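Peer 1: Have a look at this prediction, sequence included:
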Amino acid sequence: METRVWVVGLAALAWTTAGSAGAAEGPDLEEMVRIVRSQTLLKELPEARLREAAARGLVSLLDETLSQPPFASEAKARPASGHADDPEERPINAFFTPRQFKLWRQELDGRFGGIGARIALRRRQSELATSAGAVLTETAAVEVLEALPGSASERSGLRKGDLILAIDGVSVAGRTLAELVEGLRGPEGSALKLKILRQPAAPYEVELVRSLVKTPAVVFEKLGSRLGRVRVSSLGPLTGPGLTEALGAAAKAGVGGLVLDLRGCPGGQLDAAVTLAQAFLPKGSAVLELSKGGSGVETRTTTAAPLYEGPLVVLVGGQTASGGEIVAAALQHHGRAVVAGEPTFGKRTAETVFDLAGGYAAKLSTSFFRRPGTKPGDAPGFPVQPDVPLAPCSSAARPEQVSPADELPDPQLKAAAALLEWRDGRARQERGGGRRD
């Protein structure tokens with residue numbers, strides 16, 4: 001694969017280029033590596049680590065370039081809701097070691113070894129008093145929202161409100177989501193230690209044995225007598241089957257309207273986003289346009305009849321990104337649904353994952369996406385601005401993910417349900433099904 005050769009070739013440039021750097025602009029990579037290997041405290045570092053660092057440098061350069069003009073206006077706009085961080089707190093472009101790539105793939109598949117808890121990352125200064133009178137000041141704390149039934153968390157006695165202060169002896173303070181997830185996950189049957197604070201008692205340690213965690217990509221639940229919610233937490237291989245099952249359950253329950261909850265959907269596979277939009281749009285509807293810069297525009301359209309044609313409200317927020325935004329924008333563009341909530345994250349690039357030799361991988365931005373029908377000079381349509389703005393509140397969390405809590409009462413969901421109830425009643429009136437009192 002040409003792209004694979006390009007990535008690996010550049011990462012290996014410092015070891016293979018001789019005498020050519022002097023004729024080109026920029027540093028002499030061979031000289032830089034020689035100095036690192038012979039003069040610094042890193043001289044005993046394995047060559048594989050240096051190659052990984054070179055690959056990460058290339059990926060970081062792509063992220064840095066996309067954050068500056070003229071790409072900045074295309075790649076991402078700071079959302080009006082004020083969310084400055086990526087929903088996954090990971091760079092858009094990423095280099096994966098074999099272990100990281102395995103964890104990433106497991107997340108897409110919705111099956112991985114972990115502690116089986118829903119958790120929330122608190123990124124603010126807080127004082128946590130202990131029974132001994134000491135005050136712990138943390139810049140990041142991990143709160144347990146729920147220990148899933150039958151999970152390692154439940155078996156160890158963890159419960160809602162517990163605070164995780166350290167994972168295997170390493171404080172959670174200042175750590176990124178990727179680092180936390182990598183620490184909590186691992187092979188099924190492997191052990192880890194957590195330092196827990198359950199106020200007002202003193203912190204204590206507990207040892208857990210990781211178990212298999214299954215996270216459904218799509219979940220249906222009934223809201224009242226005639227309404228339902230379809231909550232989508234990820235876009236991957238399980239989205240299509242999960243959506244078919246959820247909409248089948250909705251039909252069996254006799255719902256007259258659906259809330260499509262995308263607040264906890266940070267994106268995923270582009271094909272899965274098209275599949276999700278296709279479930280609600282007429283066959284042949286444009287879902288998005290992809291531009292690779294100078295190579296024309298590709299329009300992705302639906303290829304099958306919709307699975308659900310009733311009243312629809314889409315609930316979005318600052319954690320709705322990438323593929324989740326594509327779905328919301330398409331449904332809004334075609335007038336298929338009312339979009340409610342907060343402005344979405346505002347991501348505008350599509351990434352391709354490239355398998356590299358040795359089990360490594362790279363996720364790299366390869367195209368821009370925009371709303372269907374966007375003309376030259378028009379804004380690309382992201383972040384998605386809701387038709388009905390709602391006040392901020394907690395949004396949907398995903399099991400074993402560091403993301404906002406989904407704790408009841410949920411004012412946004414209640415508002416969306418009320419809006420949906422009104423639309424359902426109006427639809428029944430138009431069909432002659434009776435009047436609303």
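Peer 2: Received it, and whenever you're ready, just let me know what you need. Bear in mind that the values here come from a model prediction, so they are computed numbers and not experimental data.

Peer 1: contacts, neighbours, all on C-alpha from now
Peer 2: OK.

Peer 1: Look up phi and psi at residue 166.
Peer 2: phi -150, psi 150 (degrees, to the nearest 10).

Peer 1: Actually, residue 308.
Peer 2: phi -140, psi 130.

Peer 1: thinking residue 231 is in contact with residue 220, fair?
Peer 2: Yes - look at residue 231 against residue 220 with Cα atoms under 8 Å: they come within range, at 6.4 Å.

Peer 1: between these two, what contacts are shared?
Peer 2: Counting by Cα atoms under 8 Å, 6 or more residues apart in numbering, residue 231 and residue 220 have no common neighbour.

Peer 1: What sits closest to residue 254 if chain neighbours are left out?
Peer 2: residue 226 (6.7 Å; Cα to Cα, 6 or more residues apart in numbering).

Peer 1: Around the one you found, how many other residues sit close by?
Peer 2: Residue 226 is flanked by 16 other residues according to other Cα atoms under 10 Å.

Peer 1: and it, what pLDDT?
Peer 2: With respect to pLDDT, residue 226 has a value of 88.

Peer 1: Over to the one 5 residues further on?
Peer 2: As predicted, residue 231 sits at a pLDDT of 94.

Peer 1: what do you get for residue 250?
Peer 2: 96.

Peer 1: in which helix or strand would I find it?
Peer 2: Residue 250 belongs to helix 239-253 when assigned by DSSP states H and E.

Peer 1: Show me what that helix is in contact with.
Peer 2: Residues contacting helix 239-253 (Cα under 8 Å, 6+ apart): 216-220, 222, 228, 230, 232, 272, 275-276, 307-308.

Peer 1: With stretch 159-167 instead?
Peer 2: Contacts for stretch 159-167 (Cα under 8 Å, 6+ apart): 141-147, 153, 171-173, 183-184, 192-199.

Peer 1: Within the sheet, what are the partner strands of the longest strand seen in the chain, with directions?
Peer 2: If you go by DSSP state E, the chain has its longest strand at strand 361-370. Applying DSSP bridges, strand 361-370 is found paired with strand 94-96 (antiparallel), strand 286-291 (antiparallel), strand 349-355 (antiparallel).

Peer 1: In contact with the residue positioned nearest the centre of the chain: list those residues for me.
Peer 2: Central residue of the chain (Cα atoms, centre = their mean): residue 266, 3.0 Å from the mean position. Applying Cα under 8 Å, 6+ apart to residue 266 gives the contacts 87, 88, 233, 234, 319, 320, 321, 322, 323, 324.

Peer 1: I'd like the distance between it and residue 378.
Peer 2: According to Cα to Cα, to the nearest Å, residue 266 and residue 378 sit 25 Å apart.

Peer 1: One more: residue 369?
Peer 2: Residue 369 is 13 Å from residue 378, where distance means Cα to Cα.

Peer 1: Neighbour count: the two, which is higher?
Peer 2: Set side by side, residue 369 and residue 378 show more neighbours around residue 369, with 25 against 9, by other Cα under 10 Å.

Peer 1: Surely residue 388 and residue 343 touch.
Peer 2: No - Residue 388 is not in contact with residue 343 according to Cα under 8 Å; the separation is 10.2 Å.

Peer 1: More neighbours: which of those two?
Peer 2: More crowded of residue 388 and residue 343, by other Cα under 10 Å: residue 343, with 26 against 15.

Peer 1: Local confidence estimate at the more buried one?
Peer 2: 95.

Peer 1: Now it. Nearest residue, chain neighbours left out?
Peer 2: residue 385 (4.9 Å).

Peer 1: circling back to that earlier point, buried subset of the contacts of stretch 159-167?
Peer 2: Among those, the ones that count as buried by 16 or more other Cα atoms under 10 Å are 141-147, 153, 171-173, 183-184, 192-198.

Peer 1: Residue 290 pairs with what?
Peer 2: residue 298, residue 369.

Peer 1: Now for it: which residues touch it?
Peer 2: If you count contacts by Cα under 8 Å, 6+ apart, then residue 290 has 297, 298, 299, 300, 367, 368, 369, 370 around it.

Peer 1: Same list, these, but as a markdown table with pLDDT please.
Peer 2: Output for those, formatted as a markdown table (pLDDT from 0 to 100):
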| residue | pLDDT |
| --- | --- |
| 297 | 87 |
| 298 | 91 |
| 299 | 94 |
| 300 | 96 |
| 367 | 90 |
| 368 | 90 |
| 369 | 91 |
| 370 | 91 |
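
Peer 1: of these, buried ones?
Peer 2: The buried subset of these (16+ other Cα under 10 Å) comprises 299, 300, 367, 368, 369, 370.

Peer 1: Checking residue 174 next. Helix, strand or coil?
Peer 2: On the three-state scheme (DSSP: H, G, I helix; E, B strand; the rest coil), residue 174 is labelled coil.
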